[in-house]
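sharing a sequence plus its predicted fold:
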Amino acid sequence: MILGFIGRSECDVVHPACAQPAARYVGLDIQLGMLQRLARRRRNGVLPVQGDATRLPLATESVDLVVAVTVLGEVPSVPDTLNEIWRVLHPGGTLSVSEHVPDPDRIALPELRGLAGRAGLRFERHEGRSWSYTATFSKPRGKT
């Protein structure tokens with residue numbers, strides 16, 4: 001399963017579903033309006049799910065990939081959200097976070113690396129510059 005945080009645009013959750021068309025894809029947002037927009041478009045079979053990022057409505061170790069595009073700065077607690085992401089990722093699962101300017105709530109890469117590390121996620125790599133990046137983390141195998 002792939003989990004995408006919808007954030008500001010339902011378009012944020014579509015790209016990974018295109019890359020892995022056989023996957024079950026869930027688009028999560030706390031705002032009903034964003035989910036209604038996503039449901040009307042029903043792109044690539046994305047299942048809209050309403051939920052709080054700090055209390056994900058998903059089973060433990062049920063997710064292969066989590067995609068968060070300019071959304072972590074919007075959640076009430078980044079540490080709680082990263083802990084929840086760790087919980088739902090299966091061992092070896094991946095978290096992909098993209099942040100960029102001019103997002104005023106953007107999380108700087110060094111801060112994200114520290115927060116993710118404290119949640120038990122291992123930094124793998126990043127692409128881009130300090131002001132616009134995509135960072136990849138994984139949940140280590142054998143650490144459930």
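Arrived safely, thanks for sending.

tell me which element residue 124 falls in.
Residue 124 belongs to strand 122-129 when assigned by DSSP states H and E.

sheet partners, orientation included, of that strand?
On the basis of DSSP bridges, the sheet neighbours of strand 122-129 come out as strand 132-138 (antiparallel).

how far does the partner strand sit from the chain's center?
11 Å (C-alpha atoms, centre = their mean, to the nearest Å).

need the contact partners of that strand.
Strand 132-138 is contacted by residues 92-101, 109, 112-113, 116, 121-128 when judged by C-beta atoms under 8 Å, 6 or more residues apart in numbering. Quick note: C-beta positions are derived from backbone N, CA and C, even for glycine.

out of these, which end up buried?
Those of those that meet the buried threshold are 93-99, 109, 112-113, 116, 121, 123, 126, by 16 or more other C-beta atoms under 10 Å.

okay, residue 52: pLDDT?
At residue 52, the model reports a pLDDT of 89.

check contacts around it.
Residue 52 neighbours (C-beta under 8 Å, 6+ apart): 30, 76.

need phi/psi at it.
phi -100, psi 130 (degrees, to the nearest 10).

residues contacting residue 118?
Neighbours of residue 118 in contact, by C-beta under 8 Å, 6+ apart: 79, 82.

one step back: mind putting the buried ones among the contacts of strand 132-138 into CSV with pLDDT?
CSV is the format used below for the buried ones among the contacts of strand 132-138 (pLDDT from 0 to 100):
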residue, pLDDT
93, 95
94, 95
95, 96
96, 94
97, 94
98, 91
99, 90
109, 95
112, 97
113, 97
116, 98
121, 98
123, 98
126, 96
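
cheers, nothing more for now.
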